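Student: Sequence and predicted structure below; questions after.
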Amino acid sequence: MRHSPADAIRFSRAALAVLALWLVAGSRGEAQPAPVDSKECGVPNFWQADPRGHFANGGSDYCCPVAVSDYLVYFAGRGYGNLLPDAAAPRDPAQAQIDLINRLASRDYFGTDPREGTGPGAVLRGLRRYVEEKGYRCRRLEYEGWRKVGGAQQQAGRANLPQRDWLLGGLRDPEGAVWLNVGWYESGPEAGEWRRVGGHWVTLTGWKEGADGPVLSIRNSLVPPSPGADAAASTVRLAAAPVGTIRFPDGTSRATAGMDSVSGPGLPMKRGRYAFLDAAIVFVIGK
């Protein structure tokens, strides 16, 4: 069979595409997704119940100031040293982070409730205030989620549910941080009905595309750090949430359509409980 020049060009392009796939696959025989981005090596992993912190209520609802502090400590070591309280004085790293957590949780910034935690609107307001008081700026401070943030923080809103490409973009930025707000859910009395029974903030540090959806590396402050733990122990997977309806105590409801569920060893849960991704914040610091 004779081939025209156009056929040859198409064949060459196809051959190059196959060669590229072969190079990615290497000796494994098939293409394997590689980590897209990761800040796992530099972001601390502080335990919210650490007794050294003397946090109110034992730190039971300090997940948000702890999660935010993890990234602020990370940035402090990369040219943003004023983010740490009393940055000019040499200090024990753990104590410096404890002081930062308590500062963020205070009424001046997040106003963290020792029994109710921290809402996303308070995070947006308090984080901006803290960063700007330290002489830096928020190049990006964005929010996506269904939880209300209050009128003063509406300008940060981008979408009513977190979008995966937006999360990944925040993680890829060298000066970016991403915090995920997962809701704890249990099945309601009716089929396909869900009840929100609480929530939790975690820190996003890595992302890898898998065959069944993204695999995320997180810092979960509910879990005490274990130096010998395998990296997989801190991973979770995003998947489409089960179809249904969330019923709230005030009689309102919302569909789960478009929401992601979060599950995996990095987010241990009680039996009969599920986690959905309710909201997220992307922050990019600047000078």
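Tutor: Structure's in. What do you need?

Student: mind checking pLDDT for the closest residue to Trp184 other than its chain neighbours?
Tutor: Counting by Cβ to Cβ, 6 or more residues apart in numbering, Trp184 lies nearest to Gly198, which is 4.3 Å off, once chain neighbours are set aside. Bear in mind the C-beta positions are built from the backbone N, C-alpha and C, glycine included. Looking at Gly198, its pLDDT stands at 95.

Student: Just want to check the distance between Gly198 and Asp108.
Tutor: 26 Å (Cβ to Cβ, to the nearest Å).

Student: Walk me through which strands the top strand by length along the chain pairs with, and which way each runs.
Tutor: The strand spanning the most residues in the chain, taking DSSP state E as the definition, is strand 193-210. Here strand 193-210 has these sheet partners by DSSP bridges: strand 35-38 (antiparallel), strand 176-187 (antiparallel), strand 213-219 (antiparallel), strand 245-247 (parallel).

Student: ok, the residue nearest to Trp184 - how many residues close by?
Tutor: 13 (other Cβ atoms under 10 Å).

Student: swap in Ser187?
Tutor: Number of residues near Ser187 (other Cβ under 10 Å) recorded here: 15.

Student: now Leu168
Tutor: 18.

Student: picking up where we left off before, from memory the residue nearest to Trp184 sits against Gly183, does it?
Tutor: Yes: counting by Cβ atoms under 8 Å, Gly183 is a contact partner of Gly198 at 7.3 Å.

Student: which element is the closest residue to Ala156 other than its chain neighbours on?
Tutor: Using Cβ to Cβ, 6+ apart and skipping the chain neighbours, the partner closest in space to Ala156 is Tyr143 (4.4 Å). Following DSSP states H and E, one finds Tyr143 within strand 137-145.

Student: following that strand, which helix or strand shows up next?
Tutor: strand 157-159.

Student: Name the residues that touch the helix or strand that that following strand is followed by?
Tutor: Following strand 157-159 in sequence order, the next helix or strand is helix 164-172 (DSSP H and E). Around helix 164-172, the neighbours that count as contacts under Cβ atoms under 8 Å, 6 or more residues apart in numbering are 36-37, 39, 140, 142, 144, 158-159, 176-178, 180, 204-207, 214, 238, 260, 280, 282-284.

Student: Helix 164-172 vs strand 213-219, what angle?
Tutor: Inter-element angle recorded for helix 164-172 and strand 213-219: 40 degrees (by axes from the mean of the first three to the mean of the last three Cα atoms, to 10 degrees).

Student: In helix 164-172, which residues are buried?
Tutor: For helix 164-172, the neighbour count (16 or more other Cβ atoms under 10 Å) marks Trp166, Leu167, Leu168, Gly169, Gly170, Leu171 as buried.
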